[in-house]
Structure formats: structure tokens, C-alpha cells
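Visitor: Sharing a model prediction with you, sequence too.
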Amino acid sequence: MFKILQKSFSVGSATADYPNISPRLAKQFRGCPEFEFEVWSDARPAAEACPTGAIAFHDSDGVRRVTVDYGRCIYCGECEAASVDGAVRMTRKFELAATDRRDLVLTAEYTLHPDGTHAGLQLAANGPVLEEPGKRIAEAIQNLLGRSLAIRQVDAGSCNGCEQEIVALNNPVHDIERFGIHFVASPRHADMLLVTGPVTRNMELALRKTWAATPDPKLVVAVGACGISGGIFGANYATMGGVDAVIPVDVYIPGCPPRPEALLHGILLALGKTRQRTRSHPFQ
Amino acid sequence: MTTFFDELHVLFPDLVRSVEETVPDQVVVLLNGPDVTAIVRHILTAHQGRIVTVFAEDRVNAEGVFYAYYVFDRPGDPSWVILKAPIPERFPCFTSLAAELPAINWQEREIQDWFGLEAVGHPNPRRVALHDNWPDVHPLRKSFPLDTVLPPFEGERHVYRPTYGEGVFQIPVGPVHAGIIEPGHFNFAVAGEPILYLQLRMFYTHKGTEKLFESLPIHRAVFLAESISGDSAFSHGSAFCQAVERAAEMEVPARAQFLRTILLELERIANHVADVGAIANDVGFVIANAHAGRVRELLLGLNETLTGSRVLRGMIAIGGVRRDWRPNQVEAIEKTLKVVEREFRDLVAILQSSDSTRDRLEHTGILRPEKALTLGIVGVAGRASGVDCDIRRDHPYEVYSQLLFKVPVYRAGDVRHRMQVRIDEVGESIQMIRAAVALLPDGPHRAPTQPIPPGRCALSAVEGWRGEIVHWVRTGEGNRIERCKVKDPSINNWPAIVEAVEGNIIADFPVINKSFNLSYSGTDR
């Protein structure tokens, strides 16, 4: 007993004060890639290198339409390595959660040279809307959920990568309970479902039943590239290609897997959204 | 090796068509027909062989047959023995060995589900990978397109074996579990508190991985390998890359082999530390888990410094690794390990100081050595139950032959000793990493990209933190994979849990399960 106490005192507090203080990221950490559409001379090498099809293009009538989907991206950095013009750069940005799936998709249109390289940028649109988490979120929890949010995690076919980082939310460094948020053992006790995986055919029914068992009002957060779009698995004979193919989703958290701070950001964002929703559609 | 060739030719002249060593440590024995029983018995008895995996391949378009492959490991021999048995399309069946070799019970049923080849004489031939309500499809046949959209499932659900008796009842658990873990269904039969019998239902996370390998170019398939089991991303990625490199006879630069070895051991340490904490947590010793979580964060931070990813993703590549390390990154290893070593020692001391924790862990969830051997249990769980098997020592890859390490083996087979194997291995791995860092040579970190020749087959095995990971590939045209078989150690070890929980109280199930910590996704793919 003495040993245990002595150790605890000598360690002190291990908790990192995210989101008030930015986390200490390694210089090498790969967040989302950024695209300088004006100088991008050719999207094809990046699209060819991309393992999940997050970067895709379609040529017609001498015009190339390029889409970049952060909801498919696994942050591998291959697009940066493949783009010799320096238009694609990996950044350390990780707070990418969005309430609208479309916010995760960038689009650009190029006219083309005969050799297929880009001649001129016609249009560049959309982009992740980065919302600020923080104090107002704490308010939202207090107002709506009595300073307590209960989360039920559902693995709908994930590789267990996202689960590792979700488990890390409970460790003393990330300590999600300091926000009044805790993980519960049953969907019947939950306010939020945190769903990972591309939703396998073998889990589809279980996910539907879990959602039905969660009392209203409820939030659904799709975690990771697989949860958002099916990721590298996409939609195939055994998978549905993402959580929103099966149940409605309120917030999408990109990453493969999203680091714990990115998960926290998304969860807090979802709570902010609940406040917006209650304004326009008060709960009965 | 020649003697083994001759022996098979002499003993089974009618069965063996040819024996060849296409890849240095792999002996492929091509048979005349699908019946392997006699040869398998010979390898098991005369050579004390251990069956590693069994899988199939659809070669109907190319050669007019399916093949079944049986992979064996023989003690003291670094070569794998691979029996290759043709199965004609007109008679799509093979003789089941599951009654004699429970280790391949599920794998034979996978072949039934995925290829539509019948395992004749299987003691329990029901569906396993495709659940009972799936339509009659065989996804790994070449004629089945990956993106087939199946109609909504209707029809029969799985029927569990009923249990009768006064005071006996069944407890269904899952697939959505109480903790933050993967999905699977456990059906307990209990009499009061003690567990009489546990039935497992897995493959909830089956996502068509092996089929998907056949559609991706190899450079993308590496990332799929990282997503087979998220806690073993680097181990599975390594197993896949090694298999392709062996098939293509590609040299991996020495520096890359060292970097890989270091990262493989870092993956082991991070997972073992988390497991030691989680085992303590499941018997209510929460503070130990808090310390373990803290230590794990240090290790994940180091992973991020070394690879850009906390869980070592996006680092492994065909021919080496994607990123080289600067001197300051290499220095970070020792800086972190020094703290981790100290903190982990303190954590173990705290664990050992608690009598009540020891009381819960000792004699709980015992897997007897003789059972472990029959069931073909591998990895941490095997070594805690007397199965002295470690790929790093028995089939050295990367630079393991240059490193000295002990393989901890115990015979008690309880939760306490599965934890002890992990504790010992953390210590060994820290020393191995230090030795590897000291020997780290200069030079390129990746071989130049080259096209992968088609039609080559190779097997590779990696001792992941959980146990033996096996990948077998056949390369195809256009830098693609024709077939990739993935064997995670979990598929060997699930039956061990069924064995270990019997007679234990149901309240101890979580800690027994955690002491194995098997991968659902690795099993289900």
C-alpha cells in the first residue's frame, strides 16, 4: 500500500490539458495532407499512390475533376512522396472532425495539357470546416446532459486500431472523465454511440439493434477512415462501406486511427452540435 | 534436406509427384491427389511436426484445379514443409483432418465457406466465416467479384448447443461487448457461478481482406496488411512485405532489417505493457492499469517520433521501410527506453506487492501443457503452457539471428504466467532493441523499387507480440497479388480460451480472456 501511494505521489499528475493546450506532437507526426491546388501540376501520381482512393480524378472533355476525401485518407504520406511539384504537403493537423460528410471533401477542376498534366485551375471548392472545441462545449454538456455524457463504443468491423486509441482516452494522460464523459457497458445507458469499422455484413444487424436500443436523444459518431467511408476496405461483398450506410451519423472523425486528441475533438464537437440542434428542434 | 525428399519418395511413391525447394527455407511437396492423411500422419509422428496452417487457392482458370496447402514446422529445422494437394473442380472435396488436428478445425471450415470445397469427415462442418444467414456464395473463388452486392440477409441464425440440468442456464454475451473491445459472441453454460462450457461465434468482423488483396496493386496492399489487426500493424505489414520480397528474391538492405527489428520489438513492448495493465484492471487493481497506460503513452510517443504514427503505420514498405532515422531519432529510443524500463519495473513491483491481485491471477484460467500442444496453441499463450516455440529463434528473419535473447517458457498455464511471459519479454525486448541500436549499420533504408515477377509463391512468418503470424502469397501479373493467405495467431488460440475457462467462475472470464488478448479482426479478416 505504501509503495502504491509513494509511486502515485512521485509521479504526480500525468494528464495533458488538451484542448486548452495543444498536444506535444512529434516533429515526424503525420496529420492530414494539404493541397496547393494552384501549383499542382499533376494529380495522377498522387492518385496512383493513394492506397484508399482518397485522391481520385475523372477526366472528360479536356477537364480533370480531382477530389480529395479526408474521410478516406489514412495519412500515409504517399501522395506527398509521389508529387514532385511540392503541391502536396503533409501537415501535423489532426482536428478534422466534421458534422457534414461533404465538409471532408475537397474538389478542384483543371484544364489539361495534351500530356495529361494540369494547364490551369478552374475551380477549387470546399474543405474541412475546422470548428473550435473548448469552453462552449463544456457548457453544452452542462446544459443538456447534466454534466455527464455516456458513450457506448461499437466496433462494427474495425481492425482494432481505433479501439486502441479509444481505450487510450481512459488512461491518465488523456483522461476523458475530466469532461464528465465516460464509457458505459450498455447502449441503454448511452447518449452517444462511437462507431468504428466499415460495418461488416456480419455486424450490420448488431449495429442496427444497438442503435435502436440507445434512448433518444442520441448522437452517433463515426470514427476513422473505415467508419466514415469503409477506408481501405471500401464497400465489398462483406462490408457496407461506412457507418452512415446503416445508421444516421452526426459527426465524422477522420484518421487511421485518429489520435486520442482527435477523438476528443470530435466527441466535443458532437456535443456542440447537439446544442445547435436543440435550438431549432427542441426535444419533446 | 535431401534425406527428407528421398524419405517421402520412398514411403509414398504413389502420392508424391515432386518435391522442390523454390524459396530457400520452404520445401514444397506436390501431391498427386487431395488425400494427404498418410503423409500428414508421417510428418506428425516421425518428425514431431506441428501444423502451422491450412489454406486453399483457386487455380481453376490457370491449371483446372484448386489447391489445398498444409504448412508444417518441424523442431530443429528452419525449413517449412508445405504439402500442396490438388483438388479437381469436378470433385470439390478434401479429407478433413480436424478430428485429429483440432488446430485446423476453423481453417478447414473457412475453406468450405470461402471456396465451396467440402471438408469430408469434419466433426462440425457448419459455417464459420460466413454466418448461417449468408446466401450460398464462395467469395474466394476467382469467379466471384469482390464488389458483389448481396441482398439483405434473411433466414437461419446460428443455433447454439443447448444445455440442460437443474440450475444450469446459458448466458449469451456479444457481439457488442461491455468494454471497448472487438465483437464476437460468447455463449456460456453455467451452473451457478462456475462455467460448464463456452461456445464461441466469431467472424463478425470479416471484411473480405483476403479477397481484397487480390484486387490491389502490391504497393497499396501493404497498407491493407497493416489493417489486418490494428494492434499488430507493423508485424502483419512485415509478414506481408517479407513474403513478397522472398517471392521476388529481393534483397532488403541491412539497415532496413535493423529498423524493422527495432520496430517489431517496440510493437511487442507497447502491447505487452498495455496487457499487463489490463489484466490488473480486470481484477480490480485499477492503479496498476493507470501506470501501464502512462508507460504505454511514452512508447506510443516514441513510435510517433520514429514513424510519424503512434501505432507504427505507414512505415513498412516492400524492400525496406519508408523513412530513415536521423541520429536524434535513434537517440530518442534509448531516452524513452530508460524511462520505460524504470517505470515498468516499478509497475511490476506494485503488482507483485498486492497479495489479493496475485490470489486472483494464480490458478485462474489454466491451460494445461498437453492441451496446449494438442490444440496447437502458439505465442504468449503457448509459452505460458509449455509450448516452446518462437519464430524469432526457430525461423530467424530480419536480424534476429544476430541478437541474443531468452524465450521465456512456463508450464503453469494460468493467467499469472501469461502475464509473466509478457513481463519477461518486455525485459528481453528492451535489451534486444539496445543491441540492435548498437549494431545499426549505415546505408540505404529501402531497396530500389522493382517490378515484382508474376507466378512466384512464398511464405513468411513473423513472431508478432501475440504469436506466430504467417502470410503466404502468390504474385500475379501487373504488380498484383494473385492470392494472399493470412494466418493470425488468434485463430490458433481461440479454442484455448474455451479450454481455459472451464470450471472457472464467470466473473473471472474477463481476466482470462484478457490474458490471451486475441485479435478478432486478425481471426475474421
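Guide: Structure's in. What do you need?
Visitor: For the rest of this, base every contact and every neighbour count on C-alpha atoms.
Guide: Fine.
Visitor: helices and strands around the host helix or strand of residue B:521, which ones?
Guide: Element membership of residue B:521, judged by DSSP states H and E, is helix B:520-524. Applying 3 or more Cα pairs under 8 Å, 6 or more residues apart in numbering or on different chains; DSSP states H and E, we find helix B:520-524 packed against helix B:489-501.
Visitor: which residues touch the helix it packs on?
Guide: Defining contact as Cα atoms under 8 Å, 6 or more residues apart in numbering or on different chains, one finds that helix B:489-501 is touched by B:103-104, B:106, B:195, B:197-200, B:365-367, B:372, B:375-379, B:381, B:466-469, B:509, B:512-513, B:516, B:518-520, B:522-523.
Visitor: ditto for stretch B:3-21
Guide: B:27-33, B:39.
Visitor: May I ask which of the residues you listed comes out lowest in pLDDT?
Guide: Least confident entry in the contacts of stretch B:3-21, by pLDDT: residue B:33, with 86.
Visitor: State whether that one is indeed within a strand.
Guide: No - Residue B:33: not assigned to a strand; according to DSSP: H, G, I helix; E, B strand; the rest coil it is coil.
Visitor: since we're on it, how many residues are nearby?
Guide: Applying other Cα atoms under 10 Å in any protein chain shown, we find 17 residues neighbouring residue B:33.
Visitor: Could you break the chain into its assigned domains?
Guide: Just going to use chain A. A:33-125, A:137-271 (automatic domain parsing).
Visitor: I was after chain B.
Guide: If you go by automatic domain parsing, chain B breaks into B:2-120, B:168-201, B:209-524.
Visitor: Just list the residues touching the closest residue to chain A within the stretch 401-525 of chain B, thanks.
Guide: Residue of the stretch 401-525 of chain B nearest chain A, by Cα to the nearest Cα: residue B:521 (5.2 Å). Residue B:521 makes contact with A:157-160, B:182, B:203, B:205-206, B:228-229, according to Cα under 8 Å, 6+ apart.
Visitor: now the strands for the stretch 51-200 of chain B?
Guide: B:65-74, B:77-88, B:93-95, B:118-120, B:168-173, B:185-191, B:195-201 (DSSP state E, counting those that start in this stretch).
Visitor: of all the ones you listed, which lies closest to residue B:484?
Guide: Residue B:484 sits nearest to strand B:65-74 of all those, at 12.5 Å, using Cα to Cα.
Visitor: Now that closest one - C-alpha only, CSV.
Guide: Provided in CSV are the C-alpha atoms of strand B:65-74 (Å, rounded to 0.1, in the frame of the first residue of the first chain):
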residue,chain,number,x,y,z
VAL,B,65,-7.7,-27.4,-60.1
PHE,B,66,-8.0,-26.0,-56.6
TYR,B,67,-5.0,-26.5,-54.3
ALA,B,68,-5.0,-27.2,-50.6
TYR,B,69,-1.8,-26.3,-48.7
TYR,B,70,-0.7,-27.7,-45.4
VAL,B,71,2.2,-26.0,-43.7
PHE,B,72,4.3,-27.8,-41.1
ASP,B,73,7.0,-26.7,-38.8
ARG,B,74,9.5,-29.4,-37.6
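Visitor: Can you give the strand pairings for it, parallel or anti for each?
Guide: Paired with strand B:65-74 in the same sheet, following DSSP bridges, are strand B:50-59 (antiparallel), strand B:77-88 (antiparallel).
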